[in-house]
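[1] Below: sequence and its predicted model.
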Amino acid sequence: MDMAGLIIFIVLIIFLPVIIRMRMFSAVEGAIRELDDMEKKARKTIMDLSGITDEGLLDDCLEFFIVPPSDIDPSGLADKFRRLLEMGDLRIREMVEEISPDADSEKKASIIMCIKVTAGIRGILKFLRHNLELSRKTGNLQILVALQMNLELIMRTARAYLEGCRAISSSLPLGDGAGPLTAGMLIDEEDSKKHLHEMVYVRKRFMDKDIGILKPHGPGSRLGMVVKALEEILSEDEFHEVIMVDAAAKLEGEKTGAVAEGVGVAIGGPGVEKWFMENMILEHRTHAIIIKMSPEEAMSQMTREILDACSVARSRIEDIISRSDADSILIIGVGNSSGIPDAVENPKEIKVKEKDDTPG
């Protein structure tokens, strides 16, 4: 019995690392297969939405890249980043014009966003495949261990991308649309609207104050060029306070839809827009209202909890306005405008994801 136990122990010592390695390879390979299927589904969504039949043109869009500027001399780095991002957006719009010239402006905006989301899925697929092959060729199990430890987080993001692509293609609101939706609740259909740089701007009297409202133009999927729009607005109009509202990532354990108030420029992204906006508006008192959600909820169709939180955020805005001594206040709703009209007079009409909804 003792000899049999010793033999089993020796066999385990020899073969257990092999078994563990096989299981790690199998897990990553399974994730790659799932990602490959996700990319195909996202590509089909784009092709159905745009009517494109030449997959080569679509590949050109998905392989588009931006070379970041050199940071050896940090002087003027933000300006370089801004110009590159604007050039990138312009080129993608030109590509969409080539593949779907007959689509209206709202559909083109949704196609552009679907291309960006699908490129994100493809990037995740390439990252996993690269590290898997590198680990296989070099025998470096540390790469594989790090991949497997983070695999579920990576796949959660990829699945949310796919659901977001489906929602955008159907002009459904995303969790990231909480900022534009909240701002839209303050706009009436009869308000005079000015469209500039994929944003909509409204100037009106509200609660006995002069109010400006800036948000991405909907219902197509847009983030808007908020910096360019803000530069144009502030060159013509003057505001004494600013209120920003945006979706923000919650920590695990926090409740989805929790609303918090603070100060500062509430905007995500690579930080370029934030840098320019800080230089423009932080000389005034700047309030920040955030609606908390997970990154996956931000990229997926909006839920009932997030929709209800937008009403709470609107009440917070009204509280700030009521206690403010400023005569003029600018409200900026930041986020994705997919499925969200410029004026949201009846939030109940927003098509949210119910708990029993499942992706098609």
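    Nice, I can see it.

[2] Could you check the pLDDT of Leu6?
    Looking at Leu6, its pLDDT is 73.

[3] What count of nearby residues applies to it?
    A count of nearby residues for Leu6, using other Cβ atoms under 10 Å, gives 10. No exception for glycine: its C-beta is placed from N, CA and C like everyone else's.

[4] How about Val265?
    By other Cβ under 10 Å, the residues close to Val265 number 21.

[5] Now do the SS call for it.
    The three-state label given to Val265 by DSSP: H, G, I helix; E, B strand; the rest coil is coil.

[6] Quick check: it touching His284?
    No. Counting by Cβ atoms under 8 Å, Val265 stays clear of His284, with 11.3 Å between them.

[7] Next one: Arg304, what pLDDT does it get?
    Looking at Arg304, the pLDDT reads 95.

[8] any idea how far Met185 is from it?
    16 Å (Cβ to Cβ, to the nearest Å).

[9] One more: Ala31?
    Applying Cβ to Cβ to Ala31 and Met185 gives a distance of 40 Å.

[10] Please, where are all the strands along the stretch 101-250 of the chain?
    Ranges of strands within the stretch 101-250 of the chain are 193-196, 199-206, 209-216, 241-249, based on DSSP state E, counting those that start in this stretch.

[11] buried sites along the longest one?
    Burial within strand 241-249, assessed by neighbour count using 16 or more other Cβ atoms under 10 Å, is assigned to Glu241, Val242, Ile243, Met244, Val245, Asp246, Ala247, Ala248.

[12] So for Leu230, which of the strands of the stretch 101-250 of the chain sits nearest?
    strand 209-216 (7.0 Å; Cβ to Cβ).

[13] Show me what that closest one packs onto, helices and strands only.
    If you count contacts as 3 or more Cβ pairs under 8 Å, 6 or more residues apart in numbering; DSSP states H and E, strand 209-216 packs onto helix 178-184, strand 199-206, helix 226-236, strand 328-333.

[14] Mean neighbour count, those: which tops it?
    Highest mean neighbour count of the helices and strands packed on strand 209-216: helix 178-184, a mean of 32 (counted as mean count of other Cβ atoms under 10 Å).

[15] Using CSV, write out every CA atom in it.
    C-alpha atoms of helix 178-184 as CSV (Å, rounded to 0.1, in the frame of the first residue of the first chain):
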residue,chain,number,x,y,z
ALA,A,178,-26.7,58.1,-19.1
GLY,A,179,-25.1,61.5,-19.5
PRO,A,180,-26.8,62.4,-22.8
LEU,A,181,-30.1,61.0,-21.5
THR,A,182,-30.0,63.1,-18.3
ALA,A,183,-29.2,66.3,-20.3
GLY,A,184,-31.9,65.4,-22.8
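
[16] so how far is it off the chain centroid?
    From the chain centre to the centre of helix 178-184 is a distance of 15 Å (Cα atoms, centre = their mean, to the nearest Å).

[17] can you give me the strands for the stretch 251-360 of the chain?
    For the stretch 251-360 of the chain, the strands defined by DSSP E, counting those that start in this stretch occupy 259-263, 285-293, 328-333.

[18] Show me the one of those strands that comes nearest Leu58.
    Using Cβ to Cβ, the nearest of the strands of the stretch 251-360 of the chain to Leu58 is strand 285-293, at 30.5 Å.

[19] what does that closest one contact?
    With contacts defined as Cβ atoms under 8 Å, 6 or more residues apart in numbering, strand 285-293 is touched by 175, 178-179, 182, 240-250, 254-266, 306, 309-310, 313, 316-317, 320, 326.

[20] again with stretch 258-276
    So stretch 258-276 is contacted by 78, 81-82, 85, 226-227, 244-248, 250, 277-278, 281-282, 285-292, 309, 312-313, 316, 320, 334 (Cβ under 8 Å, 6+ apart).

[21] What of stretch 65-84?
    For stretch 65-84, the external contacting residues (Cβ under 8 Å, 6+ apart) are Leu85, Met87, Gly88, Val227, Pro270, Val272, Trp275, Phe276.

[22] Any chance of a PyMOL selection covering the buried ones in the residues you listed?
    The buried subset of those, as determined by 16+ other Cβ under 10 Å, is captured in PyMOL by this line:
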select buried, resi 85+227+272+275+276
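
[23] out of the contacts of stretch 65-84, which one sits closest to Glu345?
    Relative to Glu345, the closest of the contacts of stretch 65-84 is Val227; by Cβ to Cβ it sits at 28.7 Å.

[24] contacting residues for that closest one?
    Taking Cβ under 8 Å, 6+ apart, one finds Arg82, Glu273, Phe276, Met277, Met280 in contact with Val227.

[25] Looking at those residues, spot the one nearest Phe127.
    Nearest to Phe127 among these: Glu273, at 25.6 Å, using Cβ to Cβ.
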